[in-house]
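**Student:** Generate a structure from the sequence data that follows.
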Amino acid sequence: ALELPNCFYQIVYWDFHDGRPFIRALQPKLNMELQDPTGKSIPIKQLSPYTARKTLGHYKGPGQSLNQALTDIHKKSKKHAIFLKQSNLTPYEAWTYYFATYLPSIGDTLLNTSFTE
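**Tutor:** A predicted model of the protein is given here:
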């Protein structure tokens, strides 16, 4: 079910220079409130179009700022490396860990992320 306190919105305004689109943040912020089924008013937060949000494990945003996604992938990789370094796994167990745990945790995110560098 949709939980209103976890919801947000982004307003994206596009400027075009020489035919190329550029996102521009609008000022000021707009206040939005929605009512829950009991009639209670819930404020909905506005995010900048440059803010990436995590949805189902993937960072997405209109501005495609993927610094957070790269940081997250790097942290996950380091945790896996530390685990492997501290474990006494056989080559077969390390191979199984790589294909069963590491690749799905990193690869699923990479499939939906488009880095520019």
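**Student:** Give the partner strands of the lengthiest strand in the chain in its sheet and their orientations.
**Tutor:** Longest strand of the chain, by residue count under DSSP state E: strand 41-47. Paired with strand 41-47 in the same sheet, following DSSP bridges, are strand 8-10 (parallel), strand 32-35 (antiparallel).
**Student:** Alpha carbons of it, as PDB, please.
**Tutor:** Presented in PDB, the C-alpha positions along strand 41-47 are these (Å, rounded to 0.1, in the frame of the first residue of the first chain):
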ATOM      1  CA  SER A  41      -3.700  16.000   6.200                       C
ATOM      2  CA  ILE A  42      -0.300  14.600   5.300                       C
ATOM      3  CA  PRO A  43       2.500  17.000   3.900                       C
ATOM      4  CA  ILE A  44       4.200  15.600   0.800                       C
ATOM      5  CA  LYS A  45       7.800  16.700   0.400                       C
ATOM      6  CA  GLN A  46       9.200  18.300  -2.700                       C
ATOM      7  CA  LEU A  47      12.600  17.000  -3.900                       C
END
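**Student:** got the contact list for that strand?
**Tutor:** Strand 41-47 is contacted from outside by 4-5, 7-11, 29-36, 53, using CB atoms under 8 Å, 6 or more residues apart in numbering. The way it works is simple: take the backbone N, C-alpha and C, and place the C-beta from them, glycine included.
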